[in-house]
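**Student:** quick check, what structure comes out for this input:
(one chain, ligands or ions: 1)
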Amino acid sequence: MQLELISFKLCPFVQRSVITLRHKEVPFDTTFIQLDDPPEWFGELSPLGKVPVLKVDDAVLFESAVINEFLDESCGDRMLASDPLERAQQRAWIELGSAAIFAMFGSITAPEEPGSTAKRDELAKLFGHLERQLAKAPPAPSPFFTGARLSLVDAAFAPLFQRLFALPEPILDWNTVPTVKRWAERLVEEPVVRASLPDGFDELFPMMLRKQNGWYARQHLAG
Ligand SMILES: N[C@@H](CCC(=O)N[C@@H](CS)C(=O)NCC(=O)O)C(=O)O
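**Tutor:** The predicted structure follows:
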C-alpha cells in the first residue's frame with residue numbers, strides 16, 4: 001500500500017494524520033502545497049479543496065477524521081475503542097476538537113477585537129465541556145484521553161494544544177481547565193507528537209499569523 005499525504009505545512013488537521021502515521025510506524029510520502037496558490041491538480045484531487053488528502057495507491061481519501069479512521073483500521077494497534085458506544089463518543093470528542101481548532105483560528109485571525117473575543121469565548125466554552133468530561137473519573141487522562149495508550153482523540157487535539165502553547169499571549173485561561181491542562185502538557189511532550197510538528201514551526205506559525213494581520217497579531221505579534 002503506497003501512501004501519499006497532501007499537506008499544507010502548518011495545517012493542524014494534516015498533523016493529526018502525521019501523528020497517526022508516525023505512531024503506527026507506517027511509511028508515507030508527503031507532498032506540500034501552498035493553500036493560497038494551490039497547484040491545478042489539487043482542485044481535481046480534493047473535493048472540498050482542503051488538506052489533508054491521503055492518496056492510497058490510486059484511491060483518494062479526504063477529511064482528517066476519515067483518513068485517521070482508515071489508517072486505524074488498516075494498520076497496527078487500534079487507536080479507537082472497540083465498543084461501539086465508546087467509539088462513537090470518541091468520534092464526538094474529535095469533532096469538538098475540530099470546532100475548537102476553528103475557534104482558535106477565528107480568535108487569532110479575526111480582523112477586529114469583538115470578533116476575536118467572540119471566538120475566544122467560544123473556545124473557552126468548548127474547553128469547559130472538555131474539562132467536565134475529563135474530570136469525570138474515570139477516565140481522567142492517564143496519561144492519554146482513553147488511558148495508557150495514544151488514541152485518535154489525542155491525535156486530534158495535540159496539534160491544537162501545540163498551537164495554543166505557541167501563542168505569545170494566551171487566548172485561554174488554562175487555570176479554568178486544570179484537567180485539560182494536565183492532559184495537554186503531557187501530550188505535547190510525547191515524542192511522536194513533537195516529531196509531527198513541521199520543520200521551522202516556531203518561526204512559520206507567527207509568520208503566518210502576522211500575514212493574516214488580524215487583531216490578535218497586531219496586538220501581540222508586532223514586528
Ligand atoms: N474538516 C477538515 C478541515 C481541514 C481544513 O480546514 N484544512 C484547511 C487547512 S488547515 C484547508 O485546507 N483550508 C483550505 C480551504 O478551506 O480552502 C478536516 O478535518 O480534514
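**Student:** how is this protein divided into domains?
**Tutor:** 3-74, 84-220 (automatic domain parsing).
**Student:** pipe those into a markdown table and attach mean pLDDT per row.
**Tutor:** Shown next, in a markdown table, are the domains of the chain (pLDDT from 0 to 100):
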| stretch | mean pLDDT |
| --- | --- |
| domain 3-74 | 97 |
| domain 84-220 | 95 |
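**Student:** would you turn those into TSV with distance to the ligand and mean neighbour count?
**Tutor:** To be clear about C-beta, it is placed using only N, CA and C from the backbone, and glycine gets the same treatment. Converted to TSV, those look like this (distance: least, CB to the nearest ligand atom, whole Å; neighbours: other CB atoms under 10 Å):
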stretch	distance to the ligand	mean neighbour count
domain 3-74	3	17
domain 84-220	6	17
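**Student:** wait, doesn't residue 134 sit right on residue 181?
**Tutor:** No - in this structure, residue 134 is not within contact of residue 181 by CB atoms under 8 Å, at 10.0 Å.
**Student:** where do the helices sit along this protein?
**Tutor:** 12-23, 40-45, 64-74, 84-109, 113-135, 152-166, 178-187, 191-196, 201-212, 215-220 (DSSP state H).
**Student:** contacts made by the second one with the rest, please.
**Tutor:** Looking back up the chat, that one is helix 40-45. Outside helix 40-45, the residues that touch it by CB atoms under 8 Å, 6 or more residues apart in numbering are 6, 33, 49, 53, 55, 60.
**Student:** list just the nearest of those to residue 153.
**Tutor:** residue 53 (22.3 Å; CB to CB).
**Student:** quick check: bridge partners of the closest one?
**Tutor:** residue 6, residue 62 (DSSP bridges).
**Student:** and it, how far is that from residue 91?
**Tutor:** Relative to residue 91, residue 53 is positioned 20 Å away (CB to CB, to the nearest Å).
**Student:** over to residue 113?
**Tutor:** Taking CB to CB, one finds residue 113 at 35 Å from residue 91.
**Student:** could you do residue 144 as well?
**Tutor:** Noted for residue 144: a distance of 16 Å to residue 91, by CB to CB.
**Student:** kindly report the same for residue 160.
**Tutor:** 17 Å.
**Student:** you'd agree residue 112 is up against residue 218?
**Tutor:** No - checked against CB under 8 Å, the pair residue 112 and residue 218 is beyond contact range at 9.7 Å.
**Student:** check the contacts of helix 40-45 and tell me the two furthest apart.
**Tutor:** 49 and 55 (16.1 Å).
**Student:** how about residue 74: what's its closest non-neighbour residue?
**Tutor:** Nearest residue to residue 74, sequence neighbours excluded (CB to CB, 6 or more residues apart in numbering): residue 1, at 7.4 Å.
**Student:** give me the number of residues near the one you found?
**Tutor:** Number of residues near residue 1 (other CB atoms under 10 Å) recorded here: 10.
**Student:** what comes into contact with stretch 152-164?
**Tutor:** Against stretch 152-164 from outside (CB under 8 Å, 6+ apart): 12-13, 15-17, 19-20, 23, 64-65, 68-69, 72, 79-80, 90, 93-94, 97-98, 100-101, 104, 144-146, 170-172, 183-184, 187-188, 190, 193, 196-197, 201, 205.
**Student:** got the CA coordinates for it in PDB?
**Tutor:** The C-alpha coordinates for stretch 152-164 follow below in PDB (Å, rounded to 0.1, in the frame of the first residue of the first chain):
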ATOM      1  CA  LEU A 152      -7.200   9.200  17.800                       C
ATOM      2  CA  VAL A 153      -8.700  11.700  20.300                       C
ATOM      3  CA  ASP A 154      -5.100  12.600  21.400                       C
ATOM      4  CA  ALA A 155      -4.000  12.800  17.800                       C
ATOM      5  CA  ALA A 156      -6.900  15.200  17.100                       C
ATOM      6  CA  PHE A 157      -6.200  17.500  20.000                       C
ATOM      7  CA  ALA A 158      -2.400  17.500  20.100                       C
ATOM      8  CA  PRO A 159      -1.900  20.000  17.200                       C
ATOM      9  CA  LEU A 160      -4.400  22.400  18.800                       C
ATOM     10  CA  PHE A 161      -2.600  22.200  22.100                       C
ATOM     11  CA  GLN A 162       0.800  22.900  20.400                       C
ATOM     12  CA  ARG A 163      -0.600  26.000  18.700                       C
ATOM     13  CA  LEU A 164      -2.300  27.300  21.900                       C
END
